[in-house]
Structures are given as C-alpha cells and as structure tokens.
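Engineer: Take a look and give me a structure for this.
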Amino acid sequence: MPSTSTILITGCSSGFGLETARYFLDKGWRVIATMRTPRDELLPRSDRLRILPLDVADAASIRRCIESAGPIDALVNNAGIGLLAPMEGIAMDDVRQIFETNTLGTIAMTRAVLPQFRERRAGVVVNVTSSVTLKSLPLLSVYTASKAAVNAFTESLALELEPFSVRVRLVLPGRAPGTSFGANARQRITASGHEAYAGLMKQVFASVQDTSTPITHAKDVVEAVWQAVTDPSAPMRIPAGADAVAVAAGRPAA
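Structural biologist: Down below sits the predicted model:
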C-alpha cells in the first residue's frame, strides 16, 4: 500500500493500539486513532491524524465513527478487555462484557467496513487476538474463548473475502506485563476471586508478571501489525513477541 493510505485503529488510548498509531504516523500514513474517551495529548499533532470516539460494544458509536472516518484502507481491531480469574468467580455479566468487546466488537467493526472494501476490491482487516489461543493457560477460560472465536471468525472470513481482493489477518501477541492491559486484568482478578482457587491465583499471577522469561514488547506487536497490513504475502497468523513465536513453533516459551 502507498504511504498515503488511511488506517483506522481501535483501542488507541494505551498499549499496543497507541504504539501502532504512532508507528503508522511515523511511516507517513493517515491515521484514525479511536478511543472510548479521546485524549488529544496522547499522540503527536499531525495533519494526518484524527482521533475519534469509539465504543466497539455500541452500535451507534460504531456507525458514527465509520461515517466520520470516511474511506479507509486498513482496519486494525485492537480494542480488548483482559480477564484473569477462575470461572467460578466470574459473574455472567462480566462474561458478556468480555465477549461484547473482544468478540462482537471485532465482528461489528469488521462488518461496518466491509462494504467499502468489497466495492473497491481492496482493503485489509487485522484482528489482534492472543497467543493464549495457541496454548491453554489456567484462569483465562473466558478471555481465551473470546479471542479464539475471533481467530475462527478471521480465518473463515479471509476465505469469504478473497474473491474481492480483501485481506484478513491475525496478530497474536504474547505476554506483555508492562501494559495497561495487564493492569486492567489485575483489577479484575481482585474483583473475581474465589477462595478455593487462592493458591492457583497467586501462582498464575506471579508467572504473568515474571519478566525473567521471554515476553512480548509493544514493538513486537507494532511490527507484526505493520507486516499484516503492508505485506500481501504475510501469513494468516503472525505471532508477536519472543514467547508467542516460541508457542506458535511448538517450543517452550521459557
């Protein structure tokens, strides 16, 4: 794609989304960075940047965002919610919230841009999921299910859109302890505890925060998204981060 292309990225208030927006700006792209609560100070001023409000779990918010954005060349579905907790300690309302954002939000955003991509016979959708969909871990049953559903959705949709020259790809980050995503997950583990799992929770939480073994950095995810967007020969699944690469290759991550 030429550097004058336009990319829309969800979940840009922090973490992978914010760094991806910065990277594409630096590469000369027009960037539409979306956030539930827009904050102009997060990104450098540029005539190629627009920051728009977006809640991917709200149909009206999606409609307004897409109408305001106008034509785009690439969509990166990055917005997501983390949840690290035993199944018995999770309220069903929380389960629904996870799926509304991680799964249905991704599907709704993708559906919203497909007409323009299909009509132009060009466009790229990149869905950011997780390497936990490749290797099961405890206390992540709901989160993993929400992301695994996106994997299946993406791979099927890619076949559906191939006749229209629209590409659909997956980026699968590994463990990134330093992100705000991890901080949100920590809040949820406290709120969703269950005394029977106290020992397991302590053990898993310590391993999640361990930085002595391979982890994923924002740069890894940004570069994987760049490859997925700009390289037509990129594979369907792109692991991002040393730990994710190891898991995808069937090797121990430590």
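Engineer: Counting neighbours, what do you get for Val132?
Structural biologist: For Val132, the count of nearby residues is 19 (other Cβ atoms under 10 Å). Glycine gets a C-beta too; all of them are placed from N, C-alpha and C.
Engineer: Pretty sure it sits against Lys147.
Structural biologist: Yes. Counting by Cβ atoms under 8 Å, Val132 does reach Lys147; the two are 7.0 Å apart.
Engineer: now the helices: where do they sit in the stretch 101-250 of the chain?
Structural biologist: Ranges of helices within the stretch 101-250 of the chain are 105-120, 141-161, 180-191, 198-209, 218-230, 242-248, based on DSSP state H, counting those that start in this stretch.
Engineer: Please spell out which residues along stretch 31-51 are buried.
Structural biologist: 31-36, 43, 49-51 (16 or more other Cβ atoms under 10 Å).
Engineer: Could you list which of those belong to strands?
Structural biologist: Cross-referencing the buried residues of stretch 31-51 against strands under DSSP state E gives 31-35, 49-51.
Engineer: and of the residues you listed, the nearest to Leu170?
Structural biologist: The nearest member of those to Leu170, counting by Cβ to Cβ, is Thr34 at 19.9 Å.
Engineer: Quickly list what the closest one is bridged to.
Structural biologist: Note on Thr34: beta-bridge partners Leu52, judged by DSSP bridges.
Engineer: Quick check: the gap between it and Arg111.
Structural biologist: Counting by Cβ to Cβ, to the nearest Å, the gap from Thr34 to Arg111 is 16 Å.
Engineer: Which residues does stretch 133-152 contact?
Structural biologist: For stretch 133-152, the surrounding residues in contact (Cβ atoms under 8 Å, 6 or more residues apart in numbering) are 77, 80-87, 90, 94-95, 98-99, 102-103, 106-107, 127, 129-130, 132, 170, 172, 189, 197, 200-201, 204, 237, 239, 244, 247-248, 253.
Engineer: Just the buried residues from the residues you listed, in ChimeraX please.
Structural biologist: With 16+ other Cβ under 10 Å as the criterion, this ChimeraX line picks the buried residues out of the contacts of stretch 133-152:
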select :77,80,81,82,83,84,85,86,90,94,95,98,99,102,103,106,107,127,129,130,132,170,172,189,197,201,204,237,239,244,247,248,253
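Engineer: Mind checking which of the contacts of stretch 133-152 are in strands?
Structural biologist: Taking DSSP E as the definition of strands, the contacts of stretch 133-152 contribute 77, 127, 170, 172, 237, 239.
Engineer: Now render those as a markdown table, adding pLDDT and distance to Gly15.
Structural biologist: Output for the ones in strands among the contacts of stretch 133-152, formatted as a markdown table (pLDDT from 0 to 100; distance: Cβ to Cβ, whole Å):
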| residue | pLDDT | distance to Gly15 |
| --- | --- | --- |
| Asn77 | 98 | 14 |
| Asn127 | 98 | 16 |
| Leu170 | 98 | 18 |
| Leu172 | 98 | 15 |
| Arg237 | 98 | 20 |
| Pro239 | 98 | 17 |
